[in-house]
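A.B. asks: Could you look at this predicted model? Sequence included:
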Amino acid sequence: MLDIKFLRENPDIVKQNIKNKFQNEKLTLVDEVIALDAEARKTQQEADNLRASRKKISKEIGALMAQGKKEEAELKKEEVNKNAARLEELSDKEKELQEKVREIMLVIPNIIDPSVPIGKDDSENVEIEKFGDPVVPDFEIPYHTEIMEKFNGIDIDAAGKVAGNGFYYLMGDIARLHSAIISYARDFMIDKGFTYCIPPFMIRSNVVTGVMSFAEMDSMMYKIEGEDLYLIGTSEHSMIGKFIDTIIEEKELPKTLTSYSPCFRKEKGAHGIEERGVYRIHQFEKQEMIVVCRPEESTGWFEKLWKNTVALFRSIDIPVRTLECCSGDLADLKVKSIDVEAWSPRQKKYFEIGSCSNLGDAQARRLQIRVRKEDGSKYFAHTLNNTVVAPPRMLIAFLENNLMEDGSVRIPEVLRPYMGGKEFLGN
């Protein structure tokens, strides 16, 4: 959410930013919110004047009563009562106007970083760099579920009977591999100095609206019937929510946390969710990283975060590349975002396995996450998040890139301690 003062003073910048994100239907909201804000401030000023007047008259009443001038005092009291009715009216109007302003401000997108390429959708994202050599072996790479089925490692049919499309059972060595990757990712991030955390897997609506846009909320979140609770779509939401309504001492920054959680997503509008596979599913597990820091440090942390994901994937011999997300592909709260994609030897192309985002002070402003400097002044923190690893997609990349011609799967050295020392699956 933008600072209303910034919007008030820079409407043309806000409008151009909306155009850059190809959301022209929101352009009228800028003038609308400016008009509502002006009316709200005018109402507040009148209310403040009445409060000051009431305080002054109350003192005069006391003086008149002390002088025995009861009739004059009664006239003053009538004036106070009249002002009280008007003040109540103004207070209700001020509250209503402020709520309308906030509702609109929640919809107006955050200002994107100047370095973000302008583009309409993800087809216009820009490749930045490749890490590792993408290899296509001489032998055919089967579909990932076929690889898993050879190890009796997946049962989608049974999951369909139990929960419907978009779910699966992982079993045996494939399930163990899934857990090994999560455990390795956890330790990898701890070694980077991050504090490990297991957060709540449900969050309240005020946290949901604090960490994401309404469009994201509608397409992703599962609501718990009869409760003010939502299942998390990513632990970032719960982790950033940890700091809601807090004032952090500046000397305590940065806050660097890595979290494990199951994730639940409706995948509304997603294509191919009925297909056999674990690329788009309703339930999965993930290791996440988040940072809460000073504004001047967020650019540096952004670079560190996506590089962590690249380093992890390269440590298990998976080639990856990074893509700069264009303006039209950025969610409304994001200032800048980079996707990390893994190489698929079967498809002979890269596919997304994680996303790193700098949200500036948007989440902090919504959730009231403030930082107190030594002189006592306060400001909003910056928040960032990045996927360490999400094993369903990671499993696809892992199995395809480590499959041997004889059908066995090589276990990279760093994962072997988590797999009971095994060097291969299937041998």
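C.D. replies: Okay, I see it. From a predicted model like this one, the values you see are computed outputs, not experimental measurements.
A.B. asks: where exactly do the helices run in the chain?
C.D. replies: Assigned helices in the chain, in chain order: 4-9, 11-20, 27-66, 70-105, 144-150, 156-163, 172-191, 205-211, 214-220, 235-241, 298-315, 362-367, 391-402 (criterion: DSSP state H).
A.B. asks: Pipe those helices into JSON lines and attach mean pLDDT, mean neighbour count and distance to residue 117 per row.
C.D. replies: Quick note: C-beta positions are derived from backbone N, CA and C, even for glycine. Below are the helices of the chain laid out as JSON lines (pLDDT from 0 to 100; neighbours: other C-beta atoms under 10 Å; distance: least, C-beta to C-beta, whole Å):
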{"stretch": "helix 4-9", "mean pLDDT": "95", "mean neighbour count": "15", "distance to residue 117": "23"}
{"stretch": "helix 11-20", "mean pLDDT": "97", "mean neighbour count": "16", "distance to residue 117": "10"}
{"stretch": "helix 27-66", "mean pLDDT": "84", "mean neighbour count": "15", "distance to residue 117": "21"}
{"stretch": "helix 70-105", "mean pLDDT": "80", "mean neighbour count": "15", "distance to residue 117": "26"}
{"stretch": "helix 144-150", "mean pLDDT": "94", "mean neighbour count": "20", "distance to residue 117": "31"}
{"stretch": "helix 156-163", "mean pLDDT": "93", "mean neighbour count": "13", "distance to residue 117": "38"}
{"stretch": "helix 172-191", "mean pLDDT": "97", "mean neighbour count": "19", "distance to residue 117": "29"}
{"stretch": "helix 205-211", "mean pLDDT": "93", "mean neighbour count": "20", "distance to residue 117": "25"}
{"stretch": "helix 214-220", "mean pLDDT": "79", "mean neighbour count": "15", "distance to residue 117": "21"}
{"stretch": "helix 235-241", "mean pLDDT": "95", "mean neighbour count": "26", "distance to residue 117": "24"}
{"stretch": "helix 298-315", "mean pLDDT": "97", "mean neighbour count": "19", "distance to residue 117": "16"}
{"stretch": "helix 362-367", "mean pLDDT": "96", "mean neighbour count": "25", "distance to residue 117": "20"}
{"stretch": "helix 391-402", "mean pLDDT": "92", "mean neighbour count": "24", "distance to residue 117": "24"}
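A.B. asks: Out of those helices, which is closest to residue 352?
C.D. replies: Smallest distance to residue 352 across the helices of the chain (C-beta to C-beta): 7.4 Å, for helix 391-402.
A.B. asks: tell me what the closest one is packed against?
C.D. replies: Where contact means 3 or more C-beta pairs under 8 Å, 6 or more residues apart in numbering; DSSP states H and E, helix 391-402 is packed against helix 144-150, helix 172-191, strand 283-293, strand 336-344, strand 349-358, strand 409-410.
A.B. asks: Need the ones you listed in a markdown table (columns: distance to residue 124).
C.D. replies: Converted to a markdown table, the helices and strands packed on helix 391-402 look like this (distance: least, C-beta to C-beta, whole Å):
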| stretch | distance to residue 124 |
| --- | --- |
| helix 144-150 | 28 |
| helix 172-191 | 30 |
| strand 283-293 | 27 |
| strand 336-344 | 13 |
| strand 349-358 | 15 |
| strand 409-410 | 36 |
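A.B. asks: Nearest to residue 316, out of these?
C.D. replies: Smallest distance to residue 316 across the helices and strands packed on helix 391-402 (C-beta to C-beta): 7.9 Å, for helix 172-191.
A.B. asks: which residues sit in contact with the closest residue in space to residue 410 that isn't next to it in sequence?
C.D. replies: Distance criterion C-beta to C-beta, 6 or more residues apart in numbering; nearest residue to residue 410, sequence neighbours excluded, is residue 402 at 4.5 Å. Taking C-beta atoms under 8 Å, 6 or more residues apart in numbering as the contact definition, residue 402 lies against 316-317, 409-412.
A.B. asks: mind checking how far residue 402 is from residue 92?
C.D. replies: 65 Å (C-beta to C-beta, to the nearest Å).
A.B. asks: now residue 394, nearest residue through space, not along the chain?
C.D. replies: With sequence-adjacent residues excluded and distances taken as C-beta to C-beta, 6+ apart, residue 394 is closest to residue 181, at 5.6 Å.
A.B. asks: hang on, isn't that neighbour packed against residue 389?
C.D. replies: Yes. Contact criterion C-beta atoms under 8 Å: residue 181 and residue 389 qualify, at 6.0 Å.
A.B. asks: hang on, the earlier thing: closest to residue 45 out of the helices and strands packed on helix 391-402?
C.D. replies: Of all the helices and strands packed on helix 391-402, strand 283-293 sits nearest to residue 45, with 35.5 Å by C-beta to C-beta.
A.B. asks: Return that closest one as CSV; C-alpha atoms alone will do.
C.D. replies: C-alpha atoms of strand 283-293 as CSV (Å, rounded to 0.1, in the frame of the first residue of the first chain):
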residue,chain,number,x,y,z
GLN,A,283,-1.2,-29.1,-1.4
PHE,A,284,2.6,-29.2,-1.2
GLU,A,285,5.5,-28.4,1.2
LYS,A,286,8.0,-25.7,1.0
GLN,A,287,11.1,-24.2,2.6
GLU,A,288,10.9,-20.4,2.5
MET,A,289,13.1,-17.4,3.5
ILE,A,290,12.0,-14.0,4.6
VAL,A,291,13.8,-10.8,5.6
VAL,A,292,12.7,-7.7,7.5
CYS,A,293,15.2,-4.9,7.1
